[in-house]
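A.B. asks: model this:
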Amino acid sequence: NTNAVLSGTIGWTAGLLEGILTLASGSTLNLTTANNHDLPNCTFTNNGTVVWNNGTIQAGGSPGTLIVNNGLWDAQSDQIWNNAYAGNGTTFNNYGAFRKSGGVSEGGHFTALQGVVVFNQLAGVLDVQNGTNGLQLLLQGGGNFTGGYITTNSQGLTDLYAGSFNFNGTVTGTNTWLNGGNLVGTNVINGALTWMAGNWNGAVVTIAPNTTVIVAGGGNNMDMNAAVVTNYGTLAWSSGTIRGGTGTTIYNYGLWDAQSDQQLNNNDYGGNVVFNNYGTFRKSVGTEPNSTAFQSGVDFVNNGMVDAQNGLVQFSGSFANSASTLAVANNATIQIAQALVLPGGLVTGSGTVQAPSITSSAVVRPGATNAVLNLAGNYTQLLGGSMQFDIGGTSPGVNQSQVNV
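C.D. replies: Below you'll find the predicted structure:
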């Protein structure tokens, strides 16, 4: 059990592996039978192939269990890796391939690396394969994802179910779910990620170009208290209330797409949230009187485009606007709680912009033939400053448009 090298094809049916062990290149270790397979206080380096076909892996202790995987670790059934020996648990450092290739492709069946089993994706691949209806790997002990990639396929699912995770280098896909785990530290998300549950509190999160993050929390609160979030890709806000506060700052240089009627607020945390829009904030799905709402305590600074394609967008906090664009489509409304100042830029579309008063040097232009753009205020003093109405637009045949004040 000290500095031993295992060679050839070995069947492990029961008993303990301890000490410092290496599985040689070209060799295979088969975990068979439903017995427990114990790895307490073991440093195990895999240069070959470990076939985890059956049985629970039990590890931990003091100093704990360390796995260095340079080869293939293949989970071929639905089993558990736990911390039965307590102590320092398990650290699994993946430089090769960790694969989930077998098991029952139905809900409630999965391979689970339970709490205090930390999975670090440092290079190589984390490969959860399709099966019939999708195989599932649950990571419940957190980990660092700093290299390699998580394979993307139509059905296999990598579920970051509990613990603290850090992304900075690993390429992921939409079938990688943050589903109860939390992002911590400085993160760069590459490729894709689906956020179902868990929080980003205190984290620094950058969404890289050509990357899609889907926020799909359902009835969950999606918390990013004291976080700094910078989006260069696409954030698809499908469901879930986003909550920030105490210094939450968002920089949107890409597309932030509100695909349902949800809120961004500072409930339960206090302090202001600042949303700096340099790209496009879009509301693509929704129906009035329901709305995508930036609640009081959320300051929206628009240096890009607010694109209301459907439903109602409400800005109940402060709204600062530079020489930027408000685009409001037919049957869509942008509603601003404070006086709206448009220092240059463009107001376009065939919907409604509502504010107590509107002061503008911008061009106000309906977007198509027969389009009607409504400027609506609740007070007598609606228009101020110098406003240019470009009813004809820039293309022939649009001179039947109108602006209603």
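A.B. asks: got the residue ranges for the strands in the stretch 301-405 of the chain?
C.D. replies: Counting by DSSP state E, counting those that start in this stretch, the stretch 301-405 of the chain has these strands, from start to end: 305-308, 311-315, 319-321, 325-328, 332-336, 340-342, 346-349, 352-354, 358-360, 363-365, 372-376, 383-384, 388-389, 402-404.
A.B. asks: how far off centre is the third one?
C.D. replies: Strand 319-321 sits 27 Å away from the centroid of its parent chain (Cα atoms, centre = their mean, to the nearest Å).
A.B. asks: give me the contact list for it.
C.D. replies: 299-302, 336-338, 340-343, 345 (Cβ atoms under 8 Å, 6 or more residues apart in numbering). Any C-beta I mention is one placed from the backbone N, CA and C, and that applies to glycine too.
A.B. asks: tell me the buried residues in it?
C.D. replies: Applying a neighbour-count criterion of 16 or more other Cβ atoms under 10 Å, the buried positions in strand 319-321 are 319, 321.
A.B. asks: and it, which strands flank it?
C.D. replies: Strand pairing for strand 319-321, using DSSP bridges, gives strand 298-302 (parallel).
A.B. asks: CA-only coordinates of the strand it pairs with, as PDB, when you get a sec.
C.D. replies: What follows is strand 298-302, C-alpha atoms only, in PDB (Å, rounded to 0.1, in the frame of the first residue of the first chain):
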ATOM      1  CA  VAL A 298     -32.400  49.500  -9.400                       C
ATOM      2  CA  ASP A 299     -30.700  52.300 -11.300                       C
ATOM      3  CA  PHE A 300     -30.700  51.800 -15.100                       C
ATOM      4  CA  VAL A 301     -28.000  53.600 -17.100                       C
ATOM      5  CA  ASN A 302     -28.700  53.300 -20.800                       C
END
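A.B. asks: and it, what's buried?
C.D. replies: By neighbour count on 16+ other Cβ under 10 Å, the buried set for strand 298-302 is 298-302.
A.B. asks: which one of those residues is nearest residue 247?
C.D. replies: Closest approach to residue 247 among those (Cβ to Cβ): residue 299, at 12.0 Å.
A.B. asks: for beta bridges, what are the partners of that closest one?
C.D. replies: When assigned by DSSP bridges, residue 299 has beta-bridge partners residue 274.
A.B. asks: surely it meets residue 273?
C.D. replies: Yes - counting by Cβ atoms under 8 Å, residue 299 does reach residue 273; the two are 7.0 Å apart.
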